[in-house]
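In: next input, structure requested:
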Amino acid sequence: MSVFWLALAAFAIGTEGFVIAGLLPAIATDLTISVSAAGQLVTAYALTYAVGSPILAVTLNNIDRRTVLALALTTFIAGNLAAVVASNYALLLASRMLMALGSGLCMPTALAVSVAVASPERRGRAVALVTSGLTVATVIGVPLGNLVGSLLGWRATFAMVALIGTVALAGLLLGLPKGLPRNTASLSERLAVARHSSVLVALVITILWALGGFTVFTYFAIPLRGLGFDASQISLALLVFGGAAAIGNMLGGVLADRLGTLATAALGLAGMASALILHSLVLKLMPGQAHYAVLGAIFLWGLSGWAFYPAQIASIIRIEPQASMIALSLNASAMYLGFAIGGALGGAVLATLSPNDLGWIGGTSVAASLLVHLARGWQARPKPVKIAG
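Out: Residues are numbered from 1 along each chain as shown. Modelled structure (predicted):
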């Protein structure tokens, strides 16, 4: 039962992390700032997560995991409550950075705890249940949070997330045993894994994938509003994306087992790059009748983009099987670094070009990720054996 509360914490974190895309226009209007400036709320969150997560994990490595989880979730809840009462952009930015510190500490700790509390034969399922909290957040939490924000104001969404986090915190305090393992990787151990050339290449692939996706996702609602989507239709579009992401996540795992991780990741990246470029083409060439075509591109984006992710995770584990948790934590930091750069790049696109250009620019980054991935696969291919004649 304690794993359920870990999954609920992941659900709250996933909801807050992704729902911001649908709230940016309302936040910008309420705080009288530009949409691109509001988008830096995503950049600040992601950058704080990427940098803060490994530092906090090392700093608090000697403290009971139950205490660490309580501290992480309390920080996350406090950040959401601070956002509810934030009277200006600077305070809202600070509140999102506080949320990121809580999230960046909570997620890797939750994964480690899920392994510690599960029996050996159920550890894989325990990890899958915790990570499913993030996936379910894209399907249920994000559309629901966007709908709450459209009906009651964007601050109500942060209040909703704080409530979910509080329920998860209460469940963990009551359900988790004391004396959970305290050890985690030291900073020197993390750097040693990061210096592995194959890990470095994998992290570059992850950064470019995340950068491309969040160049578009950060400002998800802006081009849709330009097409005439209202708040309920934007919630529907987020539901389409979340449903596709959930299907893609499961499909990617199945295909990775059947086709191999390299082929599955390549298919995912190719599909995502195509979907993002198609997103821009539809907006530019079919402005009057693009509703269904855009939803189709969004579905393909979510499906293929998240089919890549489990294949990438599996390939990273194979690179460093003895230090998989370290490698995966580095991959999480790389992902959020990509999110941060993507949010900043998307803001620059809005300031210099148009919302309709977000897709092809994001797609170009994903295409670059595909090229690096294919180059990695080419280098890793079996070399032909020369037979002396």
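
In: and the helices in the stretch 51-200 of the chain?
Out: 65-85, 89-117, 123-136, 142-152, 154-175, 187-194, 197-217 (DSSP state H, counting those that start in this stretch).

In: which secondary structure element of the chain has the lowest mean pLDDT?
Out: Of all helical and strand segments in the chain, the minimum by mean pLDDT, DSSP states H and E falls on helix 187-194, at a mean of 66.

In: check contacts around the closest residue to Leu173 other than its chain neighbours.
Out: Closest residue in space to Leu173, ignoring its immediate chain neighbours: Ala70 at 6.3 Å, by CB to CB, 6 or more residues apart in numbering. No exception for glycine: its C-beta is placed from N, CA and C like everyone else's. Ala70 sits next to Leu169, Leu172, Leu173 when contact means CB atoms under 8 Å, 6 or more residues apart in numbering.

In: run through the chain and note the low-pLDDT ranges.
Out: By pLDDT under 70, the weakly predicted segments of the chain are 1, 115, 117-128, 179-191, 193-194, 287-289, 320-326, 379-389.

In: in three-state terms, label Gly228 for me.
Out: Look at Gly228: counting by DSSP: H, G, I helix; E, B strand; the rest coil, its state is coil.

In: ok, it to Ala38 distance?
Out: 21 Å (CB to CB, to the nearest Å).

In: of those two, who's got more company?
Out: A count of neighbours by other CB atoms under 10 Å puts Ala38 above the other of Gly228 and Ala38, at 25 against 11.

In: and the angle for whichever strand or helix holds Ala28 with helix 142-152?
Out: Per DSSP states H and E: Ala28 is located in helix 2-31. Helix 2-31 and helix 142-152 are oriented at 40 degrees to each other (axes from the mean of the first three to the mean of the last three CA atoms, to 10 degrees).

In: quick revisit: pull out the buried members of the contacts of Ala70.
Out: By neighbour count, with 16 or more other CB atoms under 10 Å, the contacts of Ala70 hold Leu169, Leu172 as buried.

In: the contacts of Ala70 into CSV, with extra columns for distance to Leu56?
Out: Converted to CSV, the contacts of Ala70 look like this (distance: CB to CB, whole Å):
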residue, distance to Leu56
Leu169, 17
Leu172, 18
Leu173, 20
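
In: which strands and helices sit next to the helix holding Ala28?
Out: helix 35-59, helix 65-85, helix 89-117, helix 123-136, helix 142-152, helix 154-175, helix 221-226, helix 231-259 (3 or more CB pairs under 8 Å, 6 or more residues apart in numbering; DSSP states H and E).
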